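> need a 3D model of the following:
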Amino acid sequence: MHNEFMAFINDDHTAPIVQSWAEKQGFPADTVRGGGPDLFATLLESDSPPKLALVDFDGIDQPTQIAARLVSLCGPATQLVALGTTNDVTLYRGLIAAGFSDYLVKPVTPEILTQTMLTASRGEKGAHGAPKEVKVIVIIGVRGGVGTSTIATNTAWMIAHDLKKKSALLDLDLQFGTSALALDIEPGHGLRDVVSSPQRVDGLMIAGAMVSESTSFSVLSAEESIEDLIHVDASAIAALIKEMRPNYHAIVIDMPRHLIPTQKRILATAHEIVLVTEMSLVGIRDTLRIRTTLKGLGSTARITQVATRIGASRPAAVDEAAFAKGAQAKIDFILPDDHKTMTAANNSGKMLGAMAPTAPLTKAMLELAKMLVSSAEEKAEAPKKGGNILSGLFKHAPKEDSKA
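Below is the predicted model:
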C-alpha cells in the first residue's frame, strides 16, 4: 500500500471520481482499489497502514464493528474517512465513535473530496468546528525577479515579531534561496536530506536542519551545490509539514514556480497561496496559467494576488482593470516600489519591520501578513455541500464561503 493515501471503493460510479481526484493530488493509480473494508483489513495484516484512507462501507453488515477493527489495525497515526449511500445520523455517530474522522454520503465530487481529506489530514474531525490555528502559506512568484523571496521572508518575520505568532519559513530553493542571506544567518545543514527522504523525516531530523532566528521564528533553508540535481519529494514535504504543524502558528513556504508540477499535494492542501506578479502581459499570462493549474488540483486555498515594484519611477505596463480581465483575477495587494529602503535592509541583513517600520512598503507587507494569518481564527471552515451527513440535519444548510 502507498504510505500516504489509499482508497477502497465498492461501486463503479464513485471509483473513477476518486481515481481522478487522487491522480490530481499526485498519487499513483493503484492507490484506489475495489474491495472495500474487507480488502483493506486483509492488506493491513501484512502491510503498513497509510496516513490517510477513504473506505467505502456500502453493502457492509455491522459497519461500526468493522470500522473499529480498521482503526485498531491502523493505529492512531492513520486518519480514516468513511463513504456510503446511507444518510443516517446513527451510522455517522457510530463511525466517529469508532475513530473515523468523517463520513461522506454519495454522490461525491472532487471538491468535497478535497475539503474532507484536507480536514482529515490535519487531524481534525470533519463536523466539529473551526480549523486548527496553524496556517500553511505558500508564496509563488509567477515570474522571476518580482520579489517573491523578499515577501516570503519578511512576511514570515512579521508574523513572528509584529503579530506575535510563532512562525517558520521553508525556503524550497535549495541552491539559490536567499532567505538565510536576507536574515544574516547561516543556512542550516540537512534540509536536502529532509526533502528527499520521506521515510526518514522526524522531529530530530528537522531540528538538525532548522536555524532559529529568534525564539518565535525559525528557518529551513540551504545553499547546495549548483552542480547537483536535487530531488524535492512531495511525500517528504507532506511529512515535513505534518511534523512542523504542532509547533507553529504559521508555516510560510517560499516555493519556486518550477516545483509546481512536483508539489501538487502541498498546493492542494495549503490554507493560503500568494501569487506574486508584475503588472505586464507576461504577468497576466503566467498568473492565468498558474491559477488554472491550482483550480485543477481542487485546491481550497484562498489565493491572494500581489503586484510588486510599482511606483512613480516604475509604472505598470498594464493597468489593474486590464490585468484583472486578462488574468481572470483582481490584484489584492500592490506593494510600492521602494528601492532605497530595500537596498538598505538587504545591505544591513535586517528585515523591513526592523529597518523601516513606518515605510509604506513595510506597512503594506504587514497588512498582507495580517490577512494571511487572520482567517484561521476569524473564519470557520466552510461546510461541505451535499457530502457530509450533518448537512442533511439542517433545514437550510449554511452557504459555502467563497474563495478568490
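
> what does stretch 343-359 contact?
Contact partners of stretch 343-359, identified using Cβ atoms under 8 Å, 6 or more residues apart in numbering, comprise 153-154, 157-158, 161-162, 181-184, 338, 341-342, 361-362, 365-366. C-beta here means a position set from N, CA and C on the backbone, and glycine is covered the same way.

> what mean pLDDT does the helix or strand harbouring A120 have?
Using DSSP states H and E, A120 sits in helix 110-121. When pLDDT is averaged along helix 110-121, the result is 83.

> give me the average confidence score over the helix or strand just after it.
Per DSSP H and E, helix 110-121 leads on to strand 135-141 as the next helix or strand towards the C-terminus. Per-region confidence: strand 135-141 scores 95 on mean pLDDT.

> what helices and strands are in contact with strand 135-141?
Here strand 135-141 touches helix 148-161, strand 250-254, helix 264-269, strand 272-277, helix 360-378, going by 3 or more Cβ pairs under 8 Å, 6 or more residues apart in numbering; DSSP states H and E.

> how many neighbours does F176 have?
Applying other Cβ atoms under 10 Å, we find 11 other residues in the vicinity of F176.

> now D286, nearest residue through space, not along the chain?
Using Cβ to Cβ, 6 or more residues apart in numbering and skipping residues adjacent in sequence, the residue nearest D286 is V142, 4.2 Å away.

> count of residues packed around the one you found?
24.

> isn't it up against I290?
Yes. Under the criterion of Cβ atoms under 8 Å, V142 is in contact with I290, at a separation of 5.6 Å.

> find residues that contact each of the two.
Shared contacts of V142 and I290, defined by Cβ under 8 Å, 6+ apart, comprise R257, L275.

> ok, the one residue sitting closest to the centre of the chain - contacts?
Centre of the chain computed as the mean C-alpha position; nearest residue by Cα atoms, centre = their mean is A270, 1.7 Å away. Going by Cβ under 8 Å, 6+ apart, A270 touches V136, I137, V138, I253, S299, A301.

> measure the last one to R200 for me?
Relative to R200, A301 is positioned 28 Å away (Cβ to Cβ, to the nearest Å).

> show me which of these two is the more surrounded one.
When A301 and R200 are compared on other Cβ under 10 Å, the one with more neighbours turns out to be A301, at 21 against 11.

> now stretch 286-296: average pLDDT?
The model assigns stretch 286-296 a mean pLDDT of 92.

> list the buried residues for that stretch?
D286, T287, I290, R291, L294 (16 or more other Cβ atoms under 10 Å).

> in helices only, show me these.
D286, T287, I290, R291, L294 (DSSP state H).

> hmm, L267 and the last one touching each other?
This means L294. Yes. With contact defined as Cβ under 8 Å, L294 counts as touching L267 (6.3 Å).

> tell me how many other residues surround the nearest residue to T362 once chain neighbours are set aside.
In space, and not counting its chain neighbours, T362 is closest to L352: 4.3 Å by Cβ to Cβ, 6+ apart. Neighbourhood size, L352 [other Cβ under 10 Å]: 24.

> separation between L352 and N346?
From L352 to N346 the distance is 10 Å (Cβ to Cβ).

> cool, W21 as well?
According to Cβ to Cβ, W21 and N346 sit 43 Å apart.

> looking at these two, which one has more neighbours?
Between W21 and N346, W21 has the larger neighbour count (other Cβ under 10 Å), namely 24 against 15.

> please name the nearest non-neighbouring residue to A152.
Nearest one to A152, counting by Cβ to Cβ, 6+ apart, is D254 at 3.8 Å.

> what's the local residue count around that neighbour?
Neighbours of D254 using other Cβ under 10 Å come to 27.

> thought it was touching S179?
Yes. D254 is within contact range of S179, at 6.4 Å (criterion: Cβ under 8 Å).

> who touches both of those two?
In contact with both D254 and S179: S149, A152, T153, L169, D171, using Cβ under 8 Å, 6+ apart.

> buried set for stretch 322-333?
Neighbour-count burial for stretch 322-333 [16+ other Cβ under 10 Å]: F323, A327, A329, I331, D332, F333.

> what sits up against that stretch?
Residues contacting stretch 322-333 (Cβ under 8 Å, 6+ apart): 277, 279, 281, 283-285, 287-288, 291, 303-307, 316, 318, 320, 364, 367-368, 404.

> in TSV: the ones in helices among the buried residues of stretch 286-296, plus distance to T78.
Output for these, formatted as TSV (distance: Cβ to Cβ, whole Å):
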residue	distance to T78
D286	39
T287	38
I290	33
R291	33
L294	28
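
> can you give me the strands in the protein?
For the chain, the strands defined by DSSP state E occupy 5-8, 32-33, 52-56, 79-84, 102-105, 135-141, 167-171, 211-214, 217-220, 250-254, 272-277, 302-310, 333-336.

> out of the ones you listed, which comes closest to E111?
Nearest to E111, of all the strands of the chain, is strand 102-105, at 11.9 Å by Cβ to Cβ.

> show me what that closest one is packed up against.
In terms of contacts (3+ Cβ pairs under 8 Å, 6+ apart), strand 102-105 is packed against strand 79-84, helix 89-98, helix 110-121.

> do that again at 7 Å, thanks
Strand 102-105 is packed against strand 79-84, helix 110-121, with contacts defined by 3 or more Cβ pairs under 7 Å, 6 or more residues apart in numbering; DSSP states H and E.

> which of those is buried the deepest?
strand 79-84 (a mean of 25; mean count of other Cβ atoms under 10 Å).

> where are the low-confidence patches of the stretch 1-150 of the chain?
122-133 (pLDDT under 70).

> kindly recompute the last result at 50.
Applying pLDDT under 50 to the stretch 1-150 of the chain flags the ranges 125-132.

> next one: the stretch 201-350 of the chain
Looking at the stretch 201-350 of the chain by pLDDT under 50, you get an empty list.

> one more time with 70
For the stretch 201-350 of the chain (pLDDT under 70), the answer is 311-313.

> contacts only, for I266.
Contacts for I266 (Cβ atoms under 7 Å, 6 or more residues apart in numbering) come out as V138, I237, A238, I241.

> which of those count as buried?
V138, I237, A238, I241.

> farthest pair in these?
Greatest spacing in the buried ones among the contacts of I266, by Cβ to Cβ: V138 and A238 (12.9 Å).

> show me the chain divided up by domain.
Domain assignment for the chain by automatic domain parsing gives 5-130+381-393, 135-378.
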